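Novice: Pasting the sequence and the predicted coordinates here, then a few questions.
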Amino acid sequence: MEDNKPDSFKIDPKFRYEVIKVPGGENLLRCFQCGTCTSDCPIAKFDDKYRPRKIIRMAQLGLREKVLNSDFLWLCASCFTCTDRCPQGVEVASVIRALKNMAAMEGQIPEVFKVLLGNLIKSGYIYEIPESRIKKREALGLPPLPKANIDGLIKTLQNIGIRRLLEGNLQKTPEVKV
Amino acid sequence: MSLAQHVYTIYLGCAIPYRVSSYEVSARKVLSKLGVELVEMPDFNCCGLPLEPLSHDLMLILSARNLALAEQVGLSILTLCPGCSGTLKKTNRLLKEDKRVREEVNKYLSGAGLEFKGSIEVKHISQVLLEDIGLDKIREAVVRPLRGLKVAEHSGCHLSRPKKYIGFEDPENPKALRALIEVTKAKCVKYAGETECCGSTIAAIDEKISLSLVREKLLHVKEVGVDALITICPACHIMYEANQIRVERMFGEKYEIPVLHYTQLLGLAMGMQPEDLGFNELRVKPTKILERIGEA
């Protein structure tokens, strides 16, 4: 989302200290901008919107809205190449995940994740397994699929605010801390 | 009591039941013949990996729930999907090492009568094949050596990355799948971009980028001219096999590269029939390989 609203360039000097408290974001400040992450990133190779080095820099500088309201954040494929190759041990993919988690807390969730989450609380799987597939399993001699204990699953997840996450306003549950 | 030497509880995850039965069918056949007994998990849920972008806590709790359920079964976990094994391994280690996080997660699990104790391990099938069965025993089981077949391997990212948590394979120079292929006597050739990602994790976010990754991989594989590309991950297989014809149409190119699950290749080498190994499910028909088997 490359908009030119002045808001996008608002600087929040405390943002970086917020990021390092989110699981995965701990090593944000170690980055010295060598660019190994971007040069080795399989996504950056095909789309110039996605630049992990730049995302890290933006987070360090406190460009909160520009990072958290972006589409590019969600392009990380979690292949962990950057994490394994970073000479500073930034765990780049984890920092980017921490930023996605922060965006999700503010209700910025791509639609597809709502579908996955909806399936999860219905069946335990993130996909809706079609009836035809269940029949095919039988035909192939595969054992029946285990049925997830949904009551147990929901009970386990209820305090994490899964419904609110689904509705995109998890930030109203500050007690969620694991 | 089981007489099998190696007993695991099998964790299927989501992708395999959803659309990759060919992997499951072939893996179960091969493992059974190699003396690995699989016990079904009575209950499980998504490993948590696909939802970690939303919430790390949600991922931890989902994977911890699976670990706790397997602990009730009393067996270590075998997965077919490297994404699942990677995530479960990561959570297993985090919770074993960090008492505070373990106690927090257990608060959630206890609501449904579960507890993470840290009494089991998690292994991907390739790790079980290499570490528990061993190449020597697999070699003995190869009754139909696949000499003359030329294949390429794609191990996939999550089999080895992030290295810190997986600790089984060298991500920069993966050797496990290559070694497992070579034991069948098929030739495993190198190609450009062998360790490049399949793009599956962002397929639903940006289809064009993810299919561009598929295209580049298939072009590189095509350059070296192989009879098949071999994968050991359901997600990579979907990208290269089920999506191949779509990618051909999208870019106006032809690849015609059959993509087999490693367990299908091994099953053939162990003398099993293609129809028993889920070959009928493949969209890109491995004609040359089937001819080769027919001749044998």
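Specialist: Here it is on my side, so go on.

Novice: Now do the domain split for chain A, please.
Specialist: A:6-105, A:111-172 (automatic domain parsing).

Novice: would you turn those into a markdown table with mean pLDDT, mean neighbour count and distance to chain B?
Specialist: All C-beta spots, glycine's among them, are computed from the backbone N, C-alpha and C. Listed next are the domains of chain A as a markdown table, based on pLDDT from 0 to 100; neighbours: other C-beta atoms under 10 Å in any protein chain shown; distance: least, C-beta to the nearest C-beta, whole Å:
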| stretch | mean pLDDT | mean neighbour count | distance to chain B |
| --- | --- | --- | --- |
| domain A:6-105 | 96 | 20 | 4 |
| domain A:111-172 | 85 | 16 | 4 |
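
Novice: Now the residue nearest the centre of chain A: closest residue in space that isn't a chain neighbour?
Specialist: By C-alpha atoms, centre = their mean, chain A has its centre lying nearest to residue A:100, at 4.0 Å. Using C-beta to C-beta, 6 or more residues apart in numbering or on different chains and skipping the chain neighbours, the partner closest in space to residue A:100 is residue B:53 (4.5 Å).

Novice: Now do the same contact list for that neighbour.
Specialist: A:74, A:76, A:78, A:97, A:100-101, A:104, A:113 (C-beta atoms under 8 Å, 6 or more residues apart in numbering or on different chains).

Novice: for it, helix, strand, or coil?
Specialist: What DSSP: H, G, I helix; E, B strand; the rest coil gives for residue B:53 is coil.

Novice: Ramachandran angles for it?
Specialist: phi -60, psi -30 (degrees, to the nearest 10).

Novice: State the next helix or strand along the chain beyond the helix or strand harbouring residue B:221.
Specialist: Using DSSP states H and E, residue B:221 maps to helix B:207-224. The helix or strand immediately downstream of helix B:207-224 is strand B:228-231, counting by DSSP H and E.

Novice: residue contacts, the spatially closest residue to residue B:121 that is not a sequence neighbour?
Specialist: In this structure, residue B:121 finds its nearest non-sequential neighbour in residue B:76, 4.5 Å apart by C-beta to C-beta, 6+ apart. By C-beta under 8 Å, 6+ apart, the contact set of residue B:76 is B:8-9, B:70, B:120-123.

Novice: what are the ranges of the helices in chain A?
Specialist: A:15-19, A:36-39, A:52-61, A:64-68, A:81-85, A:92-105, A:111-123, A:131-139, A:150-157, A:162-167 (DSSP state H).

Novice: separation between residue B:112 and residue A:100?
Specialist: As defined by C-beta to C-beta, to the nearest Å, residue B:112 lies at a distance of 27 Å from residue A:100.

Novice: need the domains of chain A in JSON lines with distance to residue B:198, can you?
Specialist: Converted to JSON lines, these look like this (distance: least, C-beta to C-beta, whole Å):
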{"stretch": "domain A:6-105", "distance to residue B:198": "9"}
{"stretch": "domain A:111-172", "distance to residue B:198": "18"}
